[in-house]
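In: Curious how this folds, go ahead:
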Amino acid sequence: ERRCAASGRSEAETLLVELETARQSLEQEKTSKLQAAETQQRQLQQVEASLAEESLQAGATAEKLRRARAEVRQLEVGVAESSRLRSSLEEARAQLADEAAV
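Out: Numbers count the residues shown, from 1 in each chain. Next up, the predicted model:
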């Protein structure tokens, strides 16, 4: 009986050691996965922040582009008006020259 009890105790102790080893292994795995998830979360937050910044920059760039296009349109209108005035001035000069020649 003593041998049987000792053998049973030895097996129980072995099982307890194996169980503790397995528990520690699972705990380490859990910790490792948690750390990996936290790292991925931080990376995701950095990517989201970067995208938000790029979006703001793109919006600012789009606004600058819109303003530049509006300025170009105003310049084009100014050039067309200047050209029209130049033509009118040339016509007036030609008419004055004709009148002066008479």
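In: confidence score at the residue sitting nearest the centre point of the chain?
Out: What sits nearest the mean C-alpha location of the chain, by C-alpha atoms, centre = their mean, is Leu51, with 1.5 Å. With respect to pLDDT, Leu51 scores 95.
In: Same check on Ala36?
Out: 97.
In: Name the SS class of it, please.
Out: Three-state call for Ala36 (DSSP: H, G, I helix; E, B strand; the rest coil): helix.
In: How many neighbouring residues does it have?
Out: By other C-beta atoms under 10 Å, 10 other residues sit near Ala36. All C-beta spots, glycine's among them, are computed from the backbone N, C-alpha and C.
In: before we move on, what about the one 10 residues further on?
Out: With neighbours defined by other C-beta under 10 Å, the count for Gln46 comes to 10.
In: Which of the helices or strands spans it?
Out: helix 2-101 (DSSP states H and E).
In: Can you give the distance from that helix to the centre of its chain?
Out: Centroid separation for helix 2-101 versus its chain: 0 Å, with C-alpha atoms, centre = their mean, to the nearest Å.
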